[in-house]
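Asker: one predicted model, sequence on top.
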Amino acid sequence: ARCRRSQRGRAAVAEATGCRLEDCLIEARAVRYGPGYWISPHIDRPDKVVTQLWYFNSQWPANWQGTLRILGSPAPDDVRAEVMPHQGSSVLLVRSGESWHCVTPVAADASQDRRTLLLHFVDPAADTTAGRLAPGAHK
């Protein structure tokens, strides 16, 4: 039953994004970003077809910042959408050469770490030597 649920989840993400995911591997990564941490503007590795983010904070006031920004270019102020990391929220990112995004710095007075689960649908046949690599978190 667990495999069937996984297949249904993959099918739902494929339907929502229009991407073929049946041959993709799924990489899961749980991350916590504390005060001062941020992620600079980037596009994901070429092998990441789709990334799904899930947020797990019981509260996240706007003044804590740490928002996901969907960008129109590498410029961090070219904001097309901004997502607060509220519990139960999920975001789907389809990788392309123009799928720029970043995370703004978590405020110094945030009383919780920003908690996120990332599910990467990875094409095992993709060339990972081309394109820009995601830089990771900074402080």
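Answerer: Perfect, thanks for sending it.

Asker: show me what contacts Cys19?
Answerer: The neighbours of Cys19, taking C-beta atoms under 8 Å, 6 or more residues apart in numbering as the test, are 13, 49-50, 94, 121. Using the backbone N, CA and C atoms, a C-beta is placed for each residue, glycine as well.

Asker: helix or strand: which one has it?
Answerer: Mapping Cys19 onto the secondary structure by DSSP states H and E places it in no helix or strand at all.

Asker: now do it against Met84, distance only.
Answerer: Using C-beta to C-beta, to the nearest Å, one gets 25 Å for the distance from Cys19 to Met84.

Asker: repeat for Thr67
Answerer: Distance, Thr67 to Met84, using C-beta to C-beta: 6 Å.

Asker: same check on Tyr33?
Answerer: Distance of Tyr33 to Met84, given as C-beta to C-beta: 14 Å.

Asker: which residues touch stretch 96-110?
Answerer: 33-44, 63-74, 76, 78, 93, 113-114, 131.

Asker: low-confidence ranges in this protein?
Answerer: For the chain, residues meeting the criterion pLDDT under 70 lie at 1-5, 128-139.

Asker: residue boundaries of the strands in it?
Answerer: Along the chain, counting by DSSP state E, strands occupy 25-33, 39-42, 48-55, 68-71, 79-83, 90-94, 101-103, 114-122.

Asker: can you redo those strands as a markdown table with distance to Gly9?
Answerer: Rendered in a markdown table, the data for these read as follows (distance: least, C-beta to C-beta, whole Å):
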| stretch | distance to Gly9 |
| --- | --- |
| strand 25-33 | 9 |
| strand 39-42 | 25 |
| strand 48-55 | 9 |
| strand 68-71 | 21 |
| strand 79-83 | 20 |
| strand 90-94 | 11 |
| strand 101-103 | 22 |
| strand 114-122 | 9 |
